[in-house]
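J.: below are the sequence and a predicted model; questions follow.
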Amino acid sequence: SYPVLLCRTPYDKSSRSYVHLASRLARRGYIAVVQDIRGRWRSDGSWSWHLSFEGAEVEQRDGYDSCEWASQLEGSDGQVGTFGNSYPSWLVWQMASARPPSLKAVFTSGFPVNTLDCTRGVFETGVRLRWHHRMAVSTRKKTGDHSYPQTEIEALHHWDNLTRGKYIWQIPLNNLPDELFGPDAELLHGYWREINTEYWALHKLHEKVEVPTCTLTGWWDRLSSTVDHFTGMCIRGPGRCRDQHR
(Lines give C-alpha, C1' and ligand atoms only; values in the text may rest on other atoms or scores of the structure.)
Protein backbone atom coordinates (compact mmCIF):
# COMPACT_ATOMS: atom_id res chain seq x y z
CA SER A 1 0.00 0.00 0.00
CA TYR A 2 1.17 3.53 -0.83
CA PRO A 3 0.17 7.05 0.18
CA VAL A 4 -1.48 9.17 -2.53
CA LEU A 5 -0.28 12.58 -3.72
CA LEU A 6 -3.06 14.53 -5.40
CA CYS A 7 -2.78 17.53 -7.71
CA ARG A 8 -5.94 19.19 -9.01
CA THR A 9 -5.27 21.57 -11.88
CA PRO A 10 -6.88 23.81 -14.51
CA TYR A 11 -3.77 23.40 -16.70
CA ASP A 12 -4.29 20.03 -18.49
CA LYS A 13 -3.36 16.90 -16.56
CA SER A 14 -1.87 15.28 -19.69
CA SER A 15 0.74 17.99 -20.25
CA ARG A 16 4.37 16.89 -20.33
CA SER A 17 5.30 18.66 -17.08
CA TYR A 18 2.57 16.91 -15.06
CA VAL A 19 3.35 13.50 -16.56
CA HIS A 20 7.05 13.99 -15.78
CA LEU A 21 6.48 15.09 -12.18
CA ALA A 22 3.87 12.44 -11.43
CA SER A 23 6.18 9.76 -12.81
CA ARG A 24 9.02 10.94 -10.56
CA LEU A 25 6.76 10.90 -7.52
CA ALA A 26 5.55 7.40 -8.38
CA ARG A 27 9.14 6.15 -8.57
CA ARG A 28 9.64 7.47 -5.03
CA GLY A 29 6.86 5.36 -3.59
CA TYR A 30 3.64 7.33 -4.03
CA ILE A 31 0.47 6.94 -6.03
CA ALA A 32 0.49 10.22 -7.98
CA VAL A 33 -2.84 11.58 -9.21
CA VAL A 34 -3.35 14.60 -11.45
CA GLN A 35 -6.94 15.67 -12.05
CA ASP A 36 -8.47 18.23 -14.40
CA ILE A 37 -10.84 20.35 -12.33
CA ARG A 38 -14.49 20.80 -13.23
CA GLY A 39 -14.95 22.37 -16.65
CA ARG A 40 -11.31 22.20 -17.72
CA TRP A 41 -9.81 19.98 -20.42
CA ARG A 42 -11.11 16.40 -19.94
CA SER A 43 -13.48 17.11 -17.05
CA ASP A 44 -17.16 17.79 -17.65
CA GLY A 45 -19.18 20.64 -16.21
CA SER A 46 -18.65 24.40 -16.08
CA TRP A 47 -15.48 26.11 -14.90
CA SER A 48 -15.88 28.37 -11.85
CA TRP A 49 -12.57 30.14 -11.64
CA HIS A 50 -10.45 31.34 -8.72
CA LEU A 51 -11.40 34.97 -9.27
CA SER A 52 -14.93 34.47 -7.97
CA PHE A 53 -16.61 33.58 -4.71
CA GLU A 54 -18.53 30.79 -6.43
CA GLY A 55 -15.27 29.16 -7.47
CA ALA A 56 -14.20 28.68 -3.85
CA GLU A 57 -17.47 26.96 -2.96
CA VAL A 58 -17.24 24.64 -5.96
CA GLU A 59 -13.63 23.65 -5.31
CA GLN A 60 -14.20 22.98 -1.61
CA ARG A 61 -16.89 20.47 -2.53
CA ASP A 62 -15.02 18.98 -5.47
CA GLY A 63 -11.75 18.92 -3.54
CA TYR A 64 -13.32 17.03 -0.65
CA ASP A 65 -14.82 14.45 -3.00
CA SER A 66 -11.60 14.10 -4.99
CA CYS A 67 -9.52 13.55 -1.86
CA GLU A 68 -11.82 10.85 -0.55
CA TRP A 69 -11.98 9.19 -3.98
CA ALA A 70 -8.17 9.18 -4.23
CA SER A 71 -7.85 7.59 -0.78
CA GLN A 72 -9.83 4.58 -2.03
CA LEU A 73 -7.78 3.91 -5.17
CA GLU A 74 -6.42 0.40 -5.57
CA GLY A 75 -3.07 0.21 -3.77
CA SER A 76 -3.75 3.29 -1.60
CA ASP A 77 -3.03 3.13 2.12
CA GLY A 78 -5.80 5.69 2.68
CA GLN A 79 -3.50 8.68 3.25
CA VAL A 80 -3.60 11.67 0.87
CA GLY A 81 -1.15 14.55 0.47
CA THR A 82 -0.94 17.25 -2.20
CA PHE A 83 1.33 18.87 -4.75
CA GLY A 84 0.92 21.59 -7.36
CA ASN A 85 2.14 25.15 -7.90
CA SER A 86 0.18 28.42 -8.30
CA TYR A 87 -3.53 27.91 -9.14
CA PRO A 88 -3.32 24.23 -8.03
CA SER A 89 -2.21 25.51 -4.61
CA TRP A 90 -5.32 27.70 -4.37
CA LEU A 91 -7.24 24.49 -5.02
CA VAL A 92 -5.30 22.79 -2.21
CA TRP A 93 -6.29 25.45 0.32
CA GLN A 94 -9.93 25.15 -0.67
CA MET A 95 -9.81 21.36 -0.38
CA ALA A 96 -7.99 21.43 2.96
CA SER A 97 -10.50 23.89 4.44
CA ALA A 98 -13.28 21.36 3.70
CA ARG A 99 -11.49 18.90 6.03
CA PRO A 100 -11.62 15.65 4.06
CA PRO A 101 -10.76 12.94 6.62
CA SER A 102 -8.18 11.23 4.36
CA LEU A 103 -6.08 14.38 3.91
CA LYS A 104 -2.98 14.07 6.13
CA ALA A 105 -0.66 16.87 4.95
CA VAL A 106 -0.49 19.57 2.27
CA PHE A 107 2.29 21.09 0.21
CA THR A 108 1.60 24.40 -1.52
CA SER A 109 3.73 26.86 -3.47
CA GLY A 110 3.45 30.05 -5.47
CA PHE A 111 0.06 31.24 -4.27
CA PRO A 112 -0.44 34.22 -1.92
CA VAL A 113 -2.97 34.60 0.86
CA ASN A 114 -4.84 37.56 -0.62
CA THR A 115 -5.74 38.68 -4.14
CA LEU A 116 -4.84 42.28 -3.39
CA ASP A 117 -1.39 41.34 -2.08
CA CYS A 118 -0.78 40.44 -5.70
CA THR A 119 -2.48 43.25 -7.56
CA ARG A 120 -3.17 46.15 -5.15
CA GLY A 121 -6.35 46.41 -7.21
CA VAL A 122 -4.47 46.96 -10.48
CA PHE A 123 -4.76 44.55 -13.42
CA GLU A 124 -1.35 42.98 -14.11
CA THR A 125 -1.55 43.55 -17.84
CA GLY A 126 1.64 41.83 -18.97
CA VAL A 127 1.25 38.52 -17.19
CA ARG A 128 -2.55 38.36 -17.00
CA LEU A 129 -3.49 39.04 -20.62
CA ARG A 130 -1.12 36.25 -21.64
CA TRP A 131 -2.61 33.92 -19.00
CA HIS A 132 -6.21 34.58 -20.06
CA HIS A 133 -5.32 34.10 -23.73
CA ARG A 134 -3.79 30.72 -22.88
CA MET A 135 -6.66 29.62 -20.63
CA ALA A 136 -9.18 30.25 -23.40
CA VAL A 137 -7.82 27.25 -25.35
CA SER A 138 -9.59 24.71 -23.13
CA THR A 139 -12.83 26.69 -23.10
CA ARG A 140 -12.80 27.00 -26.89
CA LYS A 141 -12.50 23.24 -27.23
CA LYS A 142 -15.41 22.62 -24.88
CA THR A 143 -17.74 25.01 -26.68
CA GLY A 144 -16.83 23.83 -30.18
CA ASP A 145 -15.10 27.11 -31.02
CA HIS A 146 -12.50 26.21 -33.67
CA SER A 147 -10.94 29.65 -33.99
CA TYR A 148 -7.19 30.11 -33.63
CA PRO A 149 -5.34 29.24 -31.41
CA GLN A 150 -6.34 25.65 -30.59
CA THR A 151 -3.39 24.54 -28.42
CA GLU A 152 -1.58 26.19 -25.53
CA ILE A 153 1.67 26.19 -27.51
CA GLU A 154 -0.09 28.04 -30.32
CA ALA A 155 -1.66 30.45 -27.82
CA LEU A 156 1.67 31.33 -26.20
CA HIS A 157 3.36 31.75 -29.59
CA HIS A 158 0.45 33.85 -30.82
CA TRP A 159 0.59 36.14 -27.80
CA ASP A 160 4.35 36.43 -27.38
CA ASN A 161 5.23 36.90 -31.04
CA LEU A 162 2.19 38.29 -32.86
CA THR A 163 -0.26 39.90 -30.47
CA ARG A 164 1.42 41.25 -27.33
CA GLY A 165 2.92 44.34 -28.91
CA LYS A 166 -0.41 45.25 -30.46
CA TYR A 167 -2.50 45.08 -27.31
CA ILE A 168 -0.26 45.33 -24.24
CA TRP A 169 -0.67 49.11 -23.91
CA GLN A 170 -4.24 49.43 -25.18
CA ILE A 171 -6.72 51.19 -22.91
CA PRO A 172 -9.46 50.98 -21.95
CA LEU A 173 -9.15 47.24 -21.46
CA ASN A 174 -12.81 46.79 -22.40
CA ASN A 175 -11.87 47.66 -25.98
CA LEU A 176 -9.64 44.60 -26.35
CA PRO A 177 -11.14 42.17 -28.92
CA ASP A 178 -13.18 39.44 -27.24
CA GLU A 179 -11.80 36.85 -29.66
CA LEU A 180 -8.45 37.02 -27.82
CA PHE A 181 -10.14 35.33 -24.87
CA GLY A 182 -12.81 33.29 -26.63
CA PRO A 183 -15.78 32.24 -24.46
CA ASP A 184 -13.87 33.44 -21.35
CA ALA A 185 -14.14 37.10 -22.41
CA GLU A 186 -17.26 37.59 -20.27
CA LEU A 187 -15.41 36.31 -17.17
CA LEU A 188 -12.58 38.73 -17.83
CA HIS A 189 -14.87 41.72 -18.30
CA GLY A 190 -16.51 40.88 -14.97
CA TYR A 191 -13.13 40.75 -13.27
CA TRP A 192 -12.13 44.14 -14.66
CA ARG A 193 -15.28 45.65 -13.16
CA GLU A 194 -14.51 44.18 -9.72
CA ILE A 195 -10.73 44.20 -9.67
CA ASN A 196 -10.51 45.78 -6.22
CA THR A 197 -12.46 42.83 -4.72
CA GLU A 198 -10.65 40.48 -2.34
CA TYR A 199 -11.63 37.11 -3.79
CA TRP A 200 -9.20 34.83 -1.96
CA ALA A 201 -8.83 35.90 1.69
CA LEU A 202 -7.20 32.54 2.37
CA HIS A 203 -6.25 33.63 5.89
CA LYS A 204 -9.88 32.95 6.76
CA LEU A 205 -9.31 29.29 5.88
CA HIS A 206 -6.23 28.77 8.05
CA GLU A 207 -8.22 28.00 11.18
CA LYS A 208 -10.07 25.26 9.29
CA VAL A 209 -6.98 23.40 8.04
CA GLU A 210 -6.30 20.61 10.51
CA VAL A 211 -3.19 19.03 8.96
CA PRO A 212 0.51 19.99 8.75
CA THR A 213 1.32 22.34 5.87
CA CYS A 214 4.48 23.14 3.93
CA THR A 215 4.65 26.38 1.95
CA LEU A 216 7.27 27.21 -0.68
CA THR A 217 8.15 30.62 -2.08
CA GLY A 218 11.25 32.64 -2.98
CA TRP A 219 12.65 35.87 -1.59
CA TRP A 220 12.38 37.55 -5.00
CA ASP A 221 9.16 35.89 -6.13
CA ARG A 222 6.43 38.34 -7.17
CA LEU A 223 4.25 36.16 -4.91
CA SER A 224 6.61 36.20 -1.94
CA SER A 225 3.64 36.94 0.33
CA THR A 226 2.99 33.20 -0.03
CA VAL A 227 5.04 32.98 3.18
CA ASP A 228 2.04 34.42 5.04
CA HIS A 229 0.47 30.96 4.85
CA PHE A 230 3.20 29.68 7.16
CA THR A 231 2.85 32.46 9.71
CA GLY A 232 -0.93 32.32 9.43
CA MET A 233 -1.06 28.59 10.13
CA CYS A 234 1.32 28.97 13.07
CA ILE A 235 -0.84 31.73 14.57
CA ARG A 236 -4.40 30.89 13.53
CA GLY A 237 -4.28 27.21 12.64
CA PRO A 238 -5.70 24.57 14.99
CA GLY A 239 -3.54 24.32 18.09
CA ARG A 240 -2.68 20.64 17.89
CA CYS A 241 -0.49 21.06 14.79
CA ARG A 242 0.77 24.65 15.00
CA ASP A 243 4.34 23.44 15.54
CA GLN A 244 4.21 21.12 12.52
CA HIS A 245 4.11 23.72 9.73
CA ARG A 246 7.11 24.47 7.58
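T.: Okay, I see it.
J.: only C-alpha atoms for contact and neighbour calcs from this point on.
T.: Will do.
J.: run through who's touching the helix or strand harbouring E59.
T.: Of the helices and strands defined by DSSP states H and E, E59 is found in helix 53-71. In this structure, residues lying in contact with helix 53-71 by C-alpha atoms under 8 Å, 6 or more residues apart in numbering are 4, 6, 8, 33, 38, 48-50, 76-80, 91-92, 94-103, 199-200.
J.: over to stretch 192-199?
T.: With contact meaning C-alpha under 8 Å, 6+ apart, stretch 192-199 is reached by H50, L51, S52, F53, N114, T115, L116, R120, G121, V122, F123.
J.: give me every residue that touches the residue nearest to the spatial centre of the chain.
T.: Residue closest to the average C-alpha location in the chain (C-alpha atoms, centre = their mean): Y87, at 1.8 Å. Taking C-alpha under 8 Å, 6+ apart as the contact definition, Y87 lies against T9, P10, H50, F111.
J.: for W159, same thing?
T.: Contacts for W159 (C-alpha under 8 Å, 6+ apart) come out as R130, H133.
J.: ditto for T213
T.: Applying C-alpha under 8 Å, 6+ apart as the definition, the contact partners of T213 turn out to be A105, V106, F107, T108, F230, M233, Q244, H245, R246.
J.: burial of the first one, as a residue count?
T.: In terms of burial, A105 registers 19 neighbours under the definition other C-alpha atoms under 10 Å.
J.: just to revisit the earlier point, in strands, which of the contacts of helix 53-71 fall?
T.: Within the contacts of helix 53-71, residues falling in strands by DSSP state E are V4, L6, R8, V33, S76, D77, G78, Q79, V80.
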